[in-house]
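Asker: Fold the following and give me the result.
(2 chains)
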Protein chains: 2
Amino acid sequence: MKVKILGSNSATPANGRNPTSQVVNIKEQLFLVDCGEGTQMQMQKFHVKRNRINHIFISHLHGDHYFGLIGFLNSLALYGREKEMHIYCPEPLQAIIEIQLLQELSFPLRFHFLNFEKEGLIYSSDSLEVKSFPVDHRIDTCGFLFLEKQRKRILLPEECRQYEVPQYFYKRLTTGEDYTRKDGEIIKNEWLTKEGKKPCSYAYTADTAPHEKYFEIIKNVDLLYHEATYEEKHLDKATDRGHSTAKQAAEVAKQALVGKLMIGHYSSRYKELDTLLEEAQSIFENTVLAIEGEEVDV
Amino acid sequence: MKVKILGSNSATPANGRNPTSQVVNIKEQLFLVDCGEGTQMQMQKFHVKRNRINHIFISHLHGDHYFGLIGFLNSLALYGREKEMHIYCPEPLQAIIEIQLLQELSFPLRFHFLNFEKEGLIYSSDSLEVKSFPVDHRIDTCGFLFLEKQRKRILLPEECRQYEVPQYFYKRLTTGEDYTRKDGEIIKNEWLTKEGKKPCSYAYTADTAPHEKYFEIIKNVDLLYHEATYEEKHLDKATDRGHSTAKQAAEVAKQALVGKLMIGHYSSRYKELDTLLEEAQSIFENTVLAIEGEEVDV
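Answerer: Modelled structure (predicted):
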């Protein structure tokens, strides 16, 4: 699982930085998270294969998180896309998109509306679950948790041969099944396999003030993206506007015992980001900056 | 009068080119013509002073001509603009903008709806008139004519002294008034002044197939922007889609006796623009390409 940053600025483009957008890459399936203006240009610039995107997650209806969506969808249609596109978003976004469509797109749009009262499973496949969870911003806003499903168990080839397990059964072993021999003897799965790699998890908390309502769901994630709009000296502005300082983001990361913290959604007032990074690292060392075009391993 | 190009591609961003947008600069008053996605980023890149824009002209409702408008307006509000903004556009655009506003902007928006049946004066100031005129596209589309008002007459200082015209009257001389002496003798304006420079004119024909309905209004303009989406070998596509080839654009320029032709709205299929330019210049030599960031004198 990797996360590529397409936009890292807050509110409006500035200092050469674009409004928020990210691409979560899970084995070359791409999931778009927020879609500020210019996202489709950033995809071209940073070589994102737009046709691998089938699911788009929009956290809230501040324009810096969705003004690029209509242009992206329109371009997909111009290039002849036929596969349906799923959009997970606040309900009013459907009308905003539809009023701008002069004719039907070349592909179906499927809207799934977010619940701002409680967390919930919004997407599930063989290998991945995505949950939405409410955060604490000025308007209804959700974060998203990307959670790899339990990875397959890893075969121990020597043991499999020793117990004479036929090859056709190997696939079932990786899902945890025991093997029953013809004579009725049960060969325990744990004798034949070992645990797979720990499943990855990525939490995106969108725009939010620090709030305990989402601490539990992001607990222990490998990578946490937490907005850090302001330096500590602008704490009053952060509080006023439902945003966080870099220090607050780092305190969340520390309390939630995450593996790594990525901060972003920088205020346009900061041309340089060093202070934000330093302030976060003073609390939670394993912090990185969201930098457009860069990809972070989960 | 100068025209700065912010976007020159058709339909969707490609080849590093943005969708359509231009800024007409008349003595540092700026008029925005169309506003594709990313226009506000282009303004930053090319040092356009956004607060000097008080009038925005949107030719039609294909997204590549207006998807950047909501983001631009939103950013102006974030930066605290208070002065009203006038938008000249197809009527449905008002609802498209308003549905995306979570709260009132910090400044008033004044919508003025275009007439697609006939040409009309849509803006007038001391020094400038703007007219809209219908063109021939797949949907209702208007072009815009920017017409400087007759320039002031230029004083002949020696003659003014000779006829003993008092200085307080000089300003009235520049508007063409005769001077009446105390003894009742009339001093003709033409003895005291000479004609000012010819007023400038710029015509923007938006997206259109060549059509005689707009030939008369663009006649003799100093600079004509005419779309040239396709090379001549793709004439069938141009015809199908209500667009023009470079050759057709040049034929319009030739027939309308314009001073200079600027072509743009390039199809994404063309990475290089040389052929488009050559095809146009073979018919109308004084042709230039619309290049983003470049400014063309009218």
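
Asker: residue contacts, the nearest residue to A:Gly63 once chain neighbours are set aside?
Answerer: Closest residue to A:Gly63 apart from its sequence neighbours, by Cβ to Cβ, 6 or more residues apart in numbering or on different chains: B:Asn74 at 4.8 Å. The way it works is simple: take the backbone N, C-alpha and C, and place the C-beta from them, glycine included. Counting by Cβ atoms under 8 Å, 6 or more residues apart in numbering or on different chains, B:Asn74 makes contact with A:12, A:63-64, A:67, B:105.

Asker: ok, now A:Lys118?
Answerer: By Cβ under 8 Å, 6+ apart, the neighbours of A:Lys118 are A:133-134.

Asker: Could you measure from it over to chain B?
Answerer: 23 Å (Cβ to the nearest Cβ, to the nearest Å).

Asker: likewise A:Val252?
Answerer: For A:Val252 relative to chain B (Cβ to the nearest Cβ), the value is 26 Å.

Asker: looking at this, that residue is in a helix?
Answerer: Yes. Checked against DSSP: H, G, I helix; E, B strand; the rest coil, A:Val252 lies within a helix.

Asker: ok, it touching A:Glu212?
Answerer: No. The criterion here is Cβ atoms under 8 Å, and A:Val252 misses it with A:Glu212 at 9.4 Å.

Asker: So for these two, which sits in the more crowded spot?
Answerer: Neighbours per residue, other Cβ atoms under 10 Å in any protein chain shown: of A:Val252 and A:Glu212, the larger number sits with A:Val252, 25 against 9.

Asker: Do you know the pLDDT at that one?
Answerer: Looking at A:Val252, its pLDDT is 98.

Asker: need the contact list for it.
Answerer: A:205, A:210, A:215, A:218, A:224, A:226, A:244.

Asker: Next step: those residues restricted to strands.
Answerer: Among the contacts of A:Val252, the members falling in strands (DSSP state E) are A:224, A:226.

Asker: So which bits of chain A are right by chain B?
Answerer: A:11-14, A:18, A:37-38, A:40-41, A:44, A:61-64, A:67-68, A:70-71, A:74-75, A:78-79, A:92, A:95-96, A:99-100, A:102, A:139 (Cβ under 8 Å from any Cβ of the partner chain).

Asker: if we can go back for a sec, need the contacts of B:Asn74 in TSV (columns: distance to A:Ile187, neighbour count and pLDDT).
Answerer: Formatted as TSV, these follow (distance: Cβ to Cβ, whole Å; neighbours: other Cβ atoms under 10 Å in any protein chain shown; pLDDT from 0 to 100):
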residue	distance to A:Ile187	neighbour count	pLDDT
A:Thr12	63	24	96
A:Gly63	59	21	98
A:Asp64	57	27	98
A:Phe67	58	26	98
B:Leu105	70	16	96
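
Asker: State the pLDDT value of A:Tyr170.
Answerer: Predicted confidence (pLDDT) for A:Tyr170: 94.

Asker: excluding its backbone neighbours, what's nearest it?
Answerer: What sits nearest to A:Tyr170 in space, not counting adjacent residues and going by Cβ to Cβ, 6+ apart, is A:Leu155, at 6.0 Å.

Asker: can you check A:Lys219 too?
Answerer: A:Ala256 (5.0 Å).

Asker: now A:Cys89
Answerer: Nearest residue to A:Cys89, sequence neighbours excluded (Cβ to Cβ, 6+ apart): A:Ile58, at 3.9 Å.

Asker: how close does that neighbour sit to B:Glu148?
Answerer: To B:Glu148, A:Ile58 is 46 Å away according to Cβ to Cβ, to the nearest Å.

Asker: Please apply the same query to A:Thr180.
Answerer: If you go by Cβ to Cβ, the gap between A:Thr180 and B:Glu148 works out to 92 Å.
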